[in-house]
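K.L.:
here's a sequence, model it:
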Amino acid sequence: MDLALEEAESVESIEGAAGLRGPGPGPKEKARSLWSDAWHQLRRNPVFVVSSLMILFLIVISIWPQLIASGDPLQCDLSKSQQGSSPGHPFGYDTQGCDVYTRTVYGARASITVGVCATLGAALLGSALGGLAGFFGSWGDALLSRVADIFFGIPVVLGGLVFLSVVTSTTVWPVVGFIVLLGWPQVARIARGSVITVKQNDYVQAARALGAGNGRMLLRHVAPNAVAPVIVVATIALGTYIALEATLSFLGVGLRPPTVSWGIDISNAASQIRNAPHMLLYPATALSLTVLAFIMLGDAVRDALDPKLR
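P.N.:
Predicted structure coming up:
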């Protein structure tokens with residue numbers, strides 16, 4: 001009896017002390033999903049913030065270049081050929097007497113258009129083919145792998161020289177089509193491996209055991225959990241595609257005049273680098289910063305979506 005009484009008194013004292021301290025810890029916070037957790041990480045990543053602001057600025061000026069450039073990129077004055085900086089023309093003039101600043105601003109439109117459209121095309125085509133091959137397997141998977149190997153064996157620059165040299169269009173779409181043609185195998189291989197990994201998880205097997213069809217499993221369970229690696233690869237590839245467009249335009253088989261492009265301006269300035277280095281400096285810097293911004297964004301997204309890197 002004495003022992004029981006002592007235990008009761010000790011319990012009452014503990015409860016009283018707990019009451020003085022206030023209520024205990026509340027219920028645990030609701031677990032975040034992969035995407036909400038990734039967004040939580042991205043918002044606190046300075047690399048993501050800086051690169052996103054840079055990309056947002058580039059997208060705005062590519063849609064509305066008149067916001068920061070009031071001139072006409074195709075209006076030239078040969079009397080001002082290769083002249084340096086002057087009031088109202090901070091970047092000077094090129095060989096044809098065109099304002100380098102205006103052409104640099106307007107050049108963002110072609111590069112961003114090619115990069116975004118080529119990335120969307122390659123990501124959609126590669127994800128569809130790679131996802132279906134990885135999910136169903138069999139002879140379709142083997143066929144896709146062999147076709148992808150053939151495209152991987154084509155040198156990108158050499159293929160562009162051959163494919164685009166016979167195209168006479170001055171729009172961006174031949175360049176976009178070529179990049180999609182050679183870019184989808186990389187995305188397809190990533191999507192295939194991701195789908196193969198996800199479809200072996202327990203929740204997919206449980207859905208199959210409950211009678212879910214292939215379409216429902218693929219769209220509701222497999223695709224949402226397998227798309228993260230594709231997003232990372234596509235984000236990084238976007239900057240690579242912009243650099244590829246500039247390379248092809250520099251070689252004379254990409255975008256062609258009167259289209260305004262950083263690659264075209266760099267090509268025109270290469271022979272005058274000693275006499276007028278400003279012609280090369282500004283479009284090359286704009287191209288480098290754009291590619292760097294997308295690569296930084298891709299690295300930040302990869303770190304946020306891959307728990308192993310945290």
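K.L.:
for the host helix or strand of residue 145, name the packing helices and strands.
P.N.:
Residue 145 belongs to helix 138-152 when assigned by DSSP states H and E. Packed against helix 138-152 by the contact rule (3 or more C-beta pairs under 8 Å, 6 or more residues apart in numbering; DSSP states H and E) you find helix 100-136, helix 173-198. For glycine as for every other residue, the C-beta is placed from the backbone atoms N, C-alpha and C.
K.L.:
residue 45: what's it in contact with?
P.N.:
With contact set as C-beta atoms under 8 Å, 6 or more residues apart in numbering, residue 45 has these partners: 300, 303-304.
K.L.:
looking at those, which is nearest residue 93?
P.N.:
Residue 93 lies nearest to residue 300 out of these, by C-beta to C-beta, at 38.1 Å.
K.L.:
secondary structure element holding the nearest residue to that closest one once chain neighbours are set aside?
P.N.:
Nearest residue to residue 300 in three dimensions, chain neighbours excluded: residue 48, at 3.7 Å (C-beta to C-beta, 6 or more residues apart in numbering). Per DSSP H and E: residue 48 is located in helix 46-63.
K.L.:
if you count neighbours, what's buried in that helix?
P.N.:
Residues 48, 51-52, 54-55, 58, 61-62 are the ones in helix 46-63 that count as buried (16 or more other C-beta atoms under 10 Å).
K.L.:
in the chain, where is pLDDT below threshold?
P.N.:
1-34, 306-310 (pLDDT under 70).
K.L.:
would you agree residue 101 is in contact with residue 69?
P.N.:
Yes: here residue 101 reaches residue 69: they are 6.6 Å apart, a contact under C-beta atoms under 8 Å.
K.L.:
neighbour count: these two, which is higher?
P.N.:
A count of neighbours by other C-beta atoms under 10 Å puts residue 101 above the other of residue 101 and residue 69, at 20 against 17.
K.L.:
apart from its neighbours in sequence, what residue is nearest that one?
P.N.:
Nearest residue to residue 101, sequence neighbours excluded (C-beta to C-beta, 6+ apart): residue 91, at 3.9 Å.
K.L.:
which phi and psi does the one you found have?
P.N.:
Here is the backbone geometry of residue 91 (degrees, to the nearest 10): phi -100, psi 0.
K.L.:
and it, what does it touch?
P.N.:
Residue 91 touches 85, 99-101, 104, 278, 282, counting by C-beta under 8 Å, 6+ apart.
K.L.:
if we go to 7 Å?
P.N.:
85, 100-101, 104, 278, 282 (C-beta atoms under 7 Å, 6 or more residues apart in numbering).
K.L.:
one more: residue 295?
P.N.:
Here residue 295 is in contact with 236, 239 (criterion: C-beta under 7 Å, 6+ apart).
K.L.:
what's the helix or strand for it?
P.N.:
Residue 295 belongs to helix 278-305, assigned by DSSP H and E.
K.L.:
skipping adjacent residues, who's closest to residue 37 in space?
P.N.:
Nearest non-adjacent residue to residue 37, counting by C-beta to C-beta, 6+ apart: residue 304, 8.0 Å away.
K.L.:
just checking, that neighbour touches residue 40?
P.N.:
No: Residue 304 is beyond contact range of residue 40, at 8.5 Å (criterion: C-beta atoms under 7 Å).
K.L.:
right, I'll call it a day here.
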